[in-house]
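>>> Pasted the sequence and its predicted model underneath.
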Amino acid sequence: MRVGGVLTCTSLLRRHGLWVRDDGRLHVRVPATQSRLASPAHRERPLSPHHAVCIHRPEWAPTRLAARDDIVVALAVATCCQPPIDAIATLDSALNQGLVSRADLAVALAPLPAKYRRLGDLTDGTAQSGLETKARVSLRTRNIRVRTQVWIAEAGRVDTVIGDCLVLELDGYAFHSGRREFEEDRRRDLALTRAGFRVVRLSYDQVMNDWEACEEVILGLVRARKHLWPRRSVGSA
C-alpha cells in the first residue's frame, strides 16, 4: 500500500500457500494511469529499481483497489508474469488446493491473450507441486503417456507413472527433509522394485535447474521400453 497499489501476483498467491516461482520481488498492481509510486519502506520516498518491486498495470483488471487482490485476479496477473511452465504449476496448485474451480479458472484467463488462455488446457488439479507439473507437461509434449498421483497397492500414492511401470518420484524440500521421510521413501522404493516397477527419484534442484539432464535419462529409458511391462511370449502361462 505504501507503493500505491495492492498486493497481487505471486506475492499474494504465496500467502495463500500456492506454488509459485519466487523471484524475490514484491508484486504490486496499480491503476494503468498511475505514475507516482513510492518506496515500500517509506511513503515519502519515490520507488526506484533497487527496491525489488514488480509493478503490474493490467488494463483489464478492476480499477477499485484494496489492500490485496482477489485470488482470481492475482492468478491472471501471475499467468502473464511467470514463465509458462511456472504459470501452469501455479494454476495446478490453485485447483489442487480447492481455492478455485475450473469455472473460476476460465474467468481468470478470459481477459488474457490467447497464448495465456491456452495454458488452462494444460492444467491438472491432481498435481501437488510444481515439480510434478514440470515433469508432466514436459513429457506429454513429447507424446509420452504420463499419469499423476497414481495409487499403487505395494507403496501407496506415487507422484508420476510413465507408461506402465516407470515411477517418477519428485522430492520437494518441504516433505523430504527428515530422517523419517528419508527412510519411508526408501521403503517405498524397495516395495515398488519388488513389484516390478522401475523407480527414478529426482530432487527439487534436479527438476528445476537441470531438467534437460533428467529428461535425457527418462527418454533413454522410454526408448529402451523400460517404461512398459515385458510382453509375454506366445504360449507362456
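Yep, it's here.
>>> So the protein: which segments form each domain?
Following automatic domain parsing, one finds the domains of the chain at 6-122, 130-223.
>>> got any ranges where the chain has weak pLDDT?
Along the chain, segments meeting pLDDT under 70 span 65, 173-177, 232-237.
>>> now the strands: where do they sit in it?
6-7, 26-29, 53-56, 146-152, 156-162, 166-171, 198-203 (DSSP state E).
>>> out of those, nearest to Ala66?
For the strands of the chain, distance to Ala66 was read as C-beta to C-beta. The smallest value, 5.9 Å, belongs to strand 6-7. In this view, the C-beta of every residue, glycine as well, is placed from N, C-alpha and C.
>>> just how off-centre is the closest one within its chain?
How far strand 6-7 lies from its chain's middle: 22 Å, per C-alpha atoms, centre = their mean, to the nearest Å.
>>> who does that strand touch, helix- and strand-wise?
strand 26-29 (3 or more C-beta pairs under 8 Å, 6 or more residues apart in numbering; DSSP states H and E).
>>> Please convert the strands of the chain to JSON lines, extending it with distance to Ala41.
Shown next, in JSON lines, are these (distance: least, C-beta to C-beta, whole Å):
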{"stretch": "strand 6-7", "distance to Ala41": "16"}
{"stretch": "strand 26-29", "distance to Ala41": "11"}
{"stretch": "strand 53-56", "distance to Ala41": "10"}
{"stretch": "strand 146-152", "distance to Ala41": "42"}
{"stretch": "strand 156-162", "distance to Ala41": "41"}
{"stretch": "strand 166-171", "distance to Ala41": "37"}
{"stretch": "strand 198-203", "distance to Ala41": "36"}
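>>> looking at those strands, which is closest to Pro46?
strand 53-56 (11.5 Å).
>>> Let me have the domains of the chain in a markdown table, adding mean neighbour count as columns.
Listed next are these as a markdown table, based on neighbours: other C-beta atoms under 10 Å:
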| stretch | mean neighbour count |
| --- | --- |
| domain 6-122 | 17 |
| domain 130-223 | 16 |
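>>> Quick check: Leu99 touching Ala74?
No. The criterion here is C-beta atoms under 8 Å, and Leu99 misses it with Ala74 at 10.4 Å.
>>> picking that back up, is it possible to export the domains of the chain to JSON lines including distance to Pro230?
Listed next are those as JSON lines, based on distance: least, C-beta to C-beta, whole Å:
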{"stretch": "domain 6-122", "distance to Pro230": "32"}
{"stretch": "domain 130-223", "distance to Pro230": "9"}
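>>> mind checking the longest helix of the protein?
helix 179-194 (DSSP state H).
>>> how close does the residue nearest to the spatial centre of the chain get to Ala155?
In the chain, the residue lying closest to the centroid (C-alpha atoms, centre = their mean) is Ala89, at 2.2 Å. According to C-beta to C-beta, to the nearest Å, Ala89 and Ala155 sit 25 Å apart.
>>> just Glu215 next, same as before
24 Å.
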